[in-house]
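Novice: Here is a sequence together with a model predicted from it:
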Amino acid sequence: MSKKNIILIITSIVVIITAYLLWSKKTDNNSPVTTTVIKGDFKDEVIISGEAQSTSSKKINGPRGSRQFDIYQLKIQDLVEEGTIVKPGDYIGKLDASEVNTKINDAFLSLESAQSRYTQQKLDTTLILKQERNIIKDLLFVIEHDRLELKRSIYEAPSIIRQLEINIRKNERDLKERREDYNIKKRKATASMVEVGTEVSKIRKRIEALNDLEESLTIYSTDSGMVTYVKDHSGNKKNIGSTVSPWEPALASLPDLNKMESKTYSNEVDIRKIKVGLPVTVGFDAFPDIELDGTVTNVANIGESKKGSDIRVFQVLIKLNQTNNSIRPGMTTSNKILTHSESNVLMIPLEAVFIQDDIKYAFIKKGYSIKKKQIELGLANNDVVIVNKGLEEGDEVYLSKPEDQEEKQIILLEN
């Protein structure tokens with residue numbers, strides 16, 4: 001055989017082998033994927049994300065008493081970083097004192113005005129009472145003079161004596177009235193002095209209270225723990241620039257890290273499965289290796305609107321049965337709530353189930369043939385479904401419809 005013929009034969013063989021391999025690869029890629037019916041433990045889980053929080057925490061509040069000065073909002077000027085470990089007496093933060101300082105300055109101006117009125121009232125009172133006392137003294141001198149004249153006039157005409165007696169009685173009556181007027185004016189002046197003095201005292205007490213309020217704007221810890229930021233009514237964490245008010249006085253909290261829970265929200269579909277007492281596996285996005293056991297402790301009966309959406313959600317609280325030093329409030333949690341479980345059951349993926357005329361069936365691979373057989377199903381989760389009848393452990397089923405098998409007759413289950 002010539003060299004040329006040998007090369008031609010080898011080339012032909014290579015072409016045939018290459019074509020076969022390409023055809024085989026194409027056939028494998030187009031072949032439906034199959035899986036095996038397995039027997040094992042079935043778990044129906046609701047998986048929802050949430051947020052870790054402490055079930056017991058002490059609020060760190062702003063100062064009390066600001067409302068009595070018509071101060072309803074105080075801005076957070078400074079705040080330690082979230083997660084800071086503190087002990088009693090440690091610095092937490094400071095609130096803006098500008099509005100309080102304005103009130104103090106106004107109070108000092110009011111005090112100066114009140115003190116000026118007090119001084120003026122005191123001077124007026126002194127002057128008026130002095131004038132009244134001088135009038136009383138003058139009347140006493142006149143009466144005394146008339147009495148002396150009366151004594152010297154014993155030999156005067158009766159008319160003169162009578163006139164002196166009348167003058168004495170008239171001056172005595174005037175003296176009595178002047179003394180009564182003096183007492184009235186003195187009581188009135190005393191009342192005015194007390195009123196102005198009370199106003200001065202009230203303003204001084206107000207200034208003292210405002211100074212105490214200003215000092216209390218610097219916040220210190222009353223206990224040991226880790227500082228955690230609190231949320232306002234909008235759900236946003238309070239930080240520098242946020243405000244505290246008599247209705248929302250807290251600017252931070254000290255949670256008890258030994259009493260933790262996961263707060264989460266379930267949709268309307270899954271909430272009917274979730275009951276108090278169900279076991280939960282709680283994971284943490286920040287620490288993928290940490291998983292803690294938990295228990296559902298509360299399921300809301302009334303839904304609430306999800307922020308920015310019309311979807312209704314229901315709050316679910318999950319108590320952590322264990323603790324871990326790495327876990328902190330505010331961390332994102334992944335909660336696997338076990339709503340149902342069964343042992344030693346047959347299962348197939350949801351993709352292996354097909355429906356025709358309300359009949360559920362599966363394509364079963366038997367050697368080189370394919371059977372289209374009715375199946376009876378049980379509970380399902382997001383991945384697999386329990387098979388009650390129609391399949392056996394180890395059966396190979398298709399995850400997609402095989403070609404040219406759609407018209408095949410379904411093998412029905414025997415009653």
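Specialist: Yep, that arrived.

Novice: burial of Tyr155, as a residue count?
Specialist: Using other C-beta atoms under 10 Å, Tyr155 has 7 neighbouring residues. Any C-beta I mention is one placed from the backbone N, CA and C, and that applies to glycine too.

Novice: Please identify the helix or strand for it.
Specialist: Counting by DSSP states H and E, no helix or strand carries Tyr155.

Novice: For the stretch 151-300 of the chain, which segments are assigned as strands?
Specialist: For the stretch 151-300 of the chain, the strands defined by DSSP state E, counting those that start in this stretch cover 218-220, 225-226, 243-244, 250-255, 260-266, 279-284, 287-299.

Novice: out of those, which comes closest to Gly330?
Specialist: Judged by C-beta to C-beta, the one of the strands of the stretch 151-300 of the chain that comes nearest to Gly330 is strand 250-255, at 9.5 Å.

Novice: contacting residues for Glu376?
Specialist: By C-beta atoms under 8 Å, 6 or more residues apart in numbering, Glu376 lies in contact with 360, 387-390, 413.

Novice: remind me which residues of the chain are low pLDDT?
Specialist: Applying pLDDT under 70 to the chain picks out residues 1-31, 308, 415.

Novice: the longest helix in it is where?
Specialist: Within the chain, and with DSSP state H defining each element, the longest helix by residue count is helix 158-216.

Novice: coming back round to it: narrow the contacts of Glu376 to just the buried residues.
Specialist: Among the contacts of Glu376, those scoring as buried are 360, 387, 390 (criterion: 16 or more other C-beta atoms under 10 Å).

Novice: how close does the residue lying farthest from the centre of the chain sit to Glu165?
Specialist: Ranked by distance from the centre of the chain (C-alpha atoms, centre = their mean), the top residue is Tyr155, with 104.5 Å. Tyr155 sits 15 Å away from Glu165, going by C-beta to C-beta, to the nearest Å.

Novice: Next, the angle helix 158-216 makes with the host helix or strand of Asn134.
Specialist: Using DSSP H and E, Asn134 sits in helix 98-152. Counting by axes from the mean of the first three to the mean of the last three C-alpha atoms, to 10 degrees, helix 98-152 lies at 170 degrees to helix 158-216.

Novice: how about the residue most central in space within the chain, what does it touch?
Specialist: By C-alpha atoms, centre = their mean, the chain has its centre lying nearest to Lys231, at 3.7 Å. Counting by C-beta under 8 Å, 6+ apart, Lys231 touches 237-238.

Novice: beta partners of it?
Specialist: Lys237 (DSSP bridges).

Novice: picking up where we left off before, tell me what the longest helix of the chain is packed against?
Specialist: Helix 158-216 sits against helix 98-152, with contacts defined as 3 or more C-beta pairs under 8 Å, 6 or more residues apart in numbering; DSSP states H and E.

Novice: Distance from the helix it packs on to the middle of the chain?
Specialist: Relative to the mean C-alpha coordinate of its chain, helix 98-152 is positioned 60 Å out (C-alpha atoms, centre = their mean, to the nearest Å).
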